[in-house]
Structures are given as structure tokens and as C-alpha cells.
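Asks: For reference, the sequence and a predicted model appear below.
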Amino acid sequence: MTDDDKALRVALASRLASGGYLRTAPWQAAVDWVPRHAFLRGGFFDQVAGSAPTAWRPVMPDDPRWLTRCYDDDSLVTQIAGTIAPRDIRGEIRRAPTSSSTMPGLVVRMLEDLQVEDGHRVLEIGTGTGYSTGLLCHRLGDDCVTSVEVDEDVAGHARVALGDIGYHPRTLVGDGLLGAADGAPYDRLIAMCGVVDLPYAWVEQTRPGGIILATLCGWLYSSELARLTVGEDGTARGRFLGGQISFMLARPQLPPPLGMLPDLDDGDERPTSLSADVLDDWNTRFVAQLATPGAQRIRLERNGHTEHVLIDVSAGAWAALAQDGGKWTVRQGGPARLWDAVEEHISRWRADGAPDLERFEVTVTPEGQTVTWPKV
């Protein structure tokens, strides 16, 4: 590590502290010391400005921008389409990102929110590049950190990067939704990926009084960071912490392919008092996806106007909304009425005073996950 590297690390820590993400001395010391660029030696992808669909261009260590960009408070994409690394591309690629180095501000905010104490044993779900794992190792020591990564190549690169800077935590390759039972119980569990349903295995592997920190998402892509405490009864309860946190979903919980679209001219049509625009609001969309957890949203140009479509592939249900002369209608087909459920949920939430998501309560039991809100 050079003086330039050290200056960049210290400057990053200072920016994160000024932004309110970095709040305590032990985590500031970790950011001061752990070199983020050591986890990005394989390069990363930069988004090509103005591209549609989004194009990505590799940035390698021989690029003059590389080192400085490593210490920007940005998420840096490190893998495309499940297998493609920056070294594999010359030019541009238009595929979906599948792994990244999460923006440091979010990483340290979550580590602060985890409320660790000296000696705590932590299970991390989603090793990624290993940067967050390195911060945990600096704060707690290698022996207290276990990290699980689903992608063998990603895990291998992280393990090498960690070893290069002197850290040797327990790193596993596997489905992080299953946790790491052979090392349980843990004092803290942190997920560096989003989940649609928080697995009960995580609750079982966290000691009573321990904390689980995870981002709960949906296929309508509104998500919130939840902090839950495990009780003596084996139930985890908590609330959202706010901030509109976004993460890539855990791969086993990614939405299914849409396949062939249903006949959108079929189904039952009726007027609706809710426009599709309500789903543009983060909080309202979160409430909607509680009502239709299996639904995905797309937009289509048909017959000279835009249709907003919800599709639940597994249930075989769909709803298509369109505006005509200032009025909205919805057509619905399949065994469930998706928009009926959305209308009911949003109307009830609004009737209860439309409480902020930070007031919602999350409970995880052996029977599953529930999210509720109080009346204002």
C-alpha cells in the first residue's frame, strides 16, 4: 500500500463520516485501513452514459481512472450475466449486472446498524468482492467472521484478496439462504444481498438476543433495510430502518422469466380509482408488493398507448392498466385478481394514515414472514 492509497482511504472515511454513515471510531479505523482497491484488482464495469438499454464498459487497473474510482462512494459492478468479468470484455456489453462492490456508504451504514461489540461472532451472507468482509475482520478479528458466497469464482477472488492483505476469515461457497449451521449460533447476521423472504434458517442460527440485518425486497423493486432481534421463543421481530436501501436479490430468489405474455385483450375489465402511477412512489409500491409478492411489472406500448402490466408467472395471473381520456381501467385474468389485491392493500394502508415504512413491523417465525403496519 502506498501513500496515495492511504490518502484515498482516509479521504473516503472522512467523507463517509461527514455524510453520517460512519459514526464510531472502530469502524472509522477499519475504513482508514482496509484498501478497497485490493478487492477490485480484477477491474469493474462503468455504465456507459446515455445508453439504452444500459451498456457497460470495463475499467481495468491500468486505466488512470481506476484507483480514484475505487474510492468513490459508488457501487461498482464486477460481474455481468453471472459469469462475465471485466477482463472478458473489449468494448461494451449490454447484459444485467450480477455482482458488485456495494457503495462504501451503504456498507458502513449497515455495519454501524449491526451494533456489533468486541467478541461478537458474525455471519455474513454474500461475500461479494470481500471488502465488507475485510472491514468485519479488522473490527472483530478473523476468527469471529464467517462469510458465505453463492458464486464459486466470486468467492475465490474474495478469498485471495482478503489473504493478500492479511485476513483469513472462514469463507464458504454455498446458498447463503441456508446460512452456515455448523458454526452457529452467531451473535449477528448481516445480508449483503436482498431477500424476498427472510429465511427462518437465519433465525435458528442467531442466538437469542442476537441481531439480523437484511434488506427485504420484492419483485416490484421497492426494498427496505430491516433490523430484527431474535427472541427466546425462536421468533425474530423488528422494524425497517429507512433510507430506501437497494441490493441485488439473492440468486435463488430472483423472479422467474416472464416467458410468453398472456393475451392482454382477454380478461375482465373495469374502471379503477387507482392509477398505475401510484407504483412510482417507493412506499406505495412497497405496500403493493406485500399484496402481490409474486408479481412483476412491465410497460408495453400497444394500440397507440402505454399499458402497465403486472404478471404473476407462478399463479398464472395478470392485470393490465391503461388510461383513456383521463380515466384508468384495468383488465385482469387468471385465477387471482392482482389489481384487486393491490387496491385493497393500498386503500387500507391509506385509511390507516399511510404510516411510513419505518413504522412497519417484521416478524419471522417457522411458519414464515409477515409485515404489518400500525394505524396512525
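Replies: Looks like it came in fine. Owing to the predicted nature of the structure, the values given are computational and were not obtained by experimental measurement. Numbers count the residues shown, from 1 in each chain.
Asks: going forward, measure contacts between C-alpha atoms and count neighbours the same way
Replies: OK.
Asks: just the helices in this protein please.
Replies: For the chain, the helices defined by DSSP state H cover 3-18, 25-33, 66-70, 104-113, 131-140, 152-164, 200-204, 282-291, 338-351.
Asks: Contacts made by the second one with the rest, please.
Replies: Think helix 25-33. 6, 9-10, 12-13, 17, 22, 108, 111-112, 135, 138-139 (C-alpha atoms under 8 Å, 6 or more residues apart in numbering).
Asks: avg pLDDT for it?
Replies: The average pLDDT within helix 25-33 is 96.
Asks: Can you list the low-confidence ranges for the protein?
Replies: For the chain, applying pLDDT under 70 flags the ranges 1-4.
Asks: Can you pull the domain assignment for it?
Replies: Following automatic domain parsing, one gets these domains for the chain: 3-36+103-252, 44-101, 268-351.
Asks: First-to-last residue distance for the shortest one?
Replies: If I follow you right, that is domain 44-101. 9 Å (C-alpha to C-alpha, to the nearest Å).
Asks: Could you do stretch 37-54 as well?
Replies: Span of stretch 37-54 from end to end, C-alpha to C-alpha: 25 Å.
Asks: go on, stretch 234-250?
Replies: End to end - C-alpha to C-alpha - stretch 234-250 spans 24 Å.
Asks: what does stretch 46-56 give?
Replies: Length of stretch 46-56, first residue to last, C-alpha to C-alpha: 6 Å.
Asks: can you pull the buried residues of that stretch?
Replies: 46-48, 55-56 (16 or more other C-alpha atoms under 10 Å).
Asks: and the two most separated of those?
Replies: Spatial extent of these (C-alpha to C-alpha) is set by the pair 46 and 55 at 8.5 Å.
Asks: Which residues are in contact with each of the two?
Replies: By C-alpha under 8 Å, 6+ apart, no residue touches both residue 46 and residue 55.
Asks: related to what we said a few turns ago, tell me which of the helices of the chain sits most buried.
Replies: helix 131-140 (a mean of 24; mean count of other C-alpha atoms under 10 Å).
Asks: Figure out how far that helix is from the centre of its chain.
Replies: Averaging C-alpha positions (C-alpha atoms, centre = their mean, to the nearest Å) puts helix 131-140 19 Å from its chain's average.
Asks: For it, name the packing helices and strands.
Replies: Applying 3 or more C-alpha pairs under 8 Å, 6 or more residues apart in numbering; DSSP states H and E, one finds that helix 131-140 makes contact with helix 25-33, strand 145-149.
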